[in-house]
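# Sequence plus predicted model, see below.
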Amino acid sequence: MNVLISAAGRRVSLVKFFKKELLRIFKEEGKVFTTDLNPELSSACQLSDKSFKVGSFRDENYIDHLLKICEENGVNIIIPTLDTELLLLARNRDEFEKIGVLIILSDEAIIAKCRNKHLTRELFSSFGIESPTSIDPNNPQFPLFVKPVDGSSSSDLHLIKNEEDFFEPLKNVKKYVHQAYMDPKTYDEYTVDMYYDKGGFLKCLVPRLRITTRSGEINKGLTLDNEVVPFLKERMMHVDGFRGCITLQLFLSKEDKSIFGIEINPRFGGGYPLSYLAGANYIDYIIREYVLFDTIEFYDQWESNLLLLRHDEEMIVSDYNGKYSK
């Protein structure tokens, strides 16, 4: 039982937790492999049982290279972590299944909606969930928030407070989404780690209050069993095409408790370690469901009010002779 975590980067905890669960279930039989553009400079790759250097997902031989790695190393399951490669992997899912490799990933059609913020808005609407008010860039109301249609990692985000800051390139509706600014004084931001089984049925959800973030990932967070749980259970208990870990982001009004959906990422989020430590063991669910063919029951006994305080920790590699680049 071998797992490959793609684009592992800094996901040290995810590698650590997969190794822990494989050891618990399969004893010494399971291994965790990783890929990265530069595994020698990836902390997660240093921790994995074996790492592999791969090119960008844009490279024409990316899939062939990944298939070869899986075949030569007895990989059973792939866990994608990079937004930009999700559609490519979904489109090539059958090629991996031919060699006995399962990619734990939602259907291509719903990934496409998650990767396009305009379509994500429509997806939320189909669930009966409101989104922040859309703003016409030709008739703007300030302040407004601008983000890329296909953005990731909280890059290229813009809070526009007046007309002088609203530069012409930012008005491009094909490249950017324009919406009302959700003031943190009025709204709390949450990430919700959700697990969907093979049939698209919700089996667990853990709301995490985003107290502070760094580079788009939670830096200080708190699990809270609050009104977000019944709200999402009522509207998203079954979603065709969802599979595995789904990371949903929303705003919760501090005053009237209204909820607005902003993003859906069909993969493990960077803050999932908090949910795991709270008892939401999606890694165990994946192994039991896809390898041991167990049925996953709904679970809601995770620990609420669990606080995460992240910090930097050094990983030292002795006798390093590899190449490096800035």
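Structure's in. What do you need? Numbering: from 1, shown residues only.

# For stretch 131-139, give the mean pLDDT please.
Mean pLDDT, stretch 131-139: 94.

# contacts for it?
Residues outside stretch 131-139 that contact it (C-beta atoms under 8 Å, 6 or more residues apart in numbering): 121, 124-125, 141, 144-145, 166, 170-171, 173, 176-180, 182, 251, 260-262. (Glycine included, C-beta is placed from N, CA and C.)

# same question, stretch 196-207
The contact list for stretch 196-207 (C-beta under 8 Å, 6+ apart) reads 106, 190-195, 223-226, 228-229, 232-233, 236-244, 246, 274-275, 278, 280, 282, 285, 289-290, 296-300, 302.

# Which of those fall within helices?
The members of the contacts of stretch 196-207 that map onto helices under DSSP state H are 228-229, 232-233, 236, 274-275, 282, 285, 289-290.

# how about these in TSV, adding neighbour count, distance to Lys113 and pLDDT?
Formatted as TSV, these follow (neighbours: other C-beta atoms under 10 Å; distance: C-beta to C-beta, whole Å; pLDDT from 0 to 100):
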residue	neighbour count	distance to Lys113	pLDDT
Val228	22	21	98
Val229	16	24	98
Leu232	21	17	98
Lys233	13	21	98
Met236	23	14	98
Leu274	23	26	97
Ser275	31	24	98
Tyr282	26	22	98
Tyr285	23	24	98
Glu289	19	24	97
Tyr290	17	24	97
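
# wait, which of those residues is closest to Asp256?
Val228 (14.1 Å; C-beta to C-beta).

# my read: that closest one touches Val192, true?
Yes: the criterion here is C-beta atoms under 8 Å, and Val228 meets it with Val192 at 6.5 Å.

# Mutual contacts of the two, please.
With C-beta under 8 Å, 6+ apart, Val228 and Val192 have common neighbours 207, 250.

# And Pro230, how far from Gly200?
20 Å (C-beta to C-beta, to the nearest Å).

# tell me which residues in stretch 48-55 are buried?
48, 51-52, 54 (16 or more other C-beta atoms under 10 Å).

# ok, the nearest residue to Arg288 once chain neighbours are set aside - how many residues close by?
Once flanking residues are discounted, Arg288 sits nearest to Asp294: 4.0 Å by C-beta to C-beta, 6 or more residues apart in numbering. For Asp294, the neighbour count with other C-beta atoms under 10 Å is 12.

# next one: Phe293
By the criterion of other C-beta under 10 Å, Phe293 has 7 neighbours.

# got the ones in helices among the contacts of stretch 196-207 as JSON lines, with distance to Ile77 columns?
Converted to JSON lines, the ones in helices among the contacts of stretch 196-207 look like this (distance: C-beta to C-beta, whole Å):
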{"residue": "Val228", "distance to Ile77": "30"}
{"residue": "Val229", "distance to Ile77": "28"}
{"residue": "Leu232", "distance to Ile77": "26"}
{"residue": "Lys233", "distance to Ile77": "28"}
{"residue": "Met236", "distance to Ile77": "25"}
{"residue": "Leu274", "distance to Ile77": "23"}
{"residue": "Ser275", "distance to Ile77": "19"}
{"residue": "Tyr282", "distance to Ile77": "13"}
{"residue": "Tyr285", "distance to Ile77": "12"}
{"residue": "Glu289", "distance to Ile77": "11"}
{"residue": "Tyr290", "distance to Ile77": "6"}
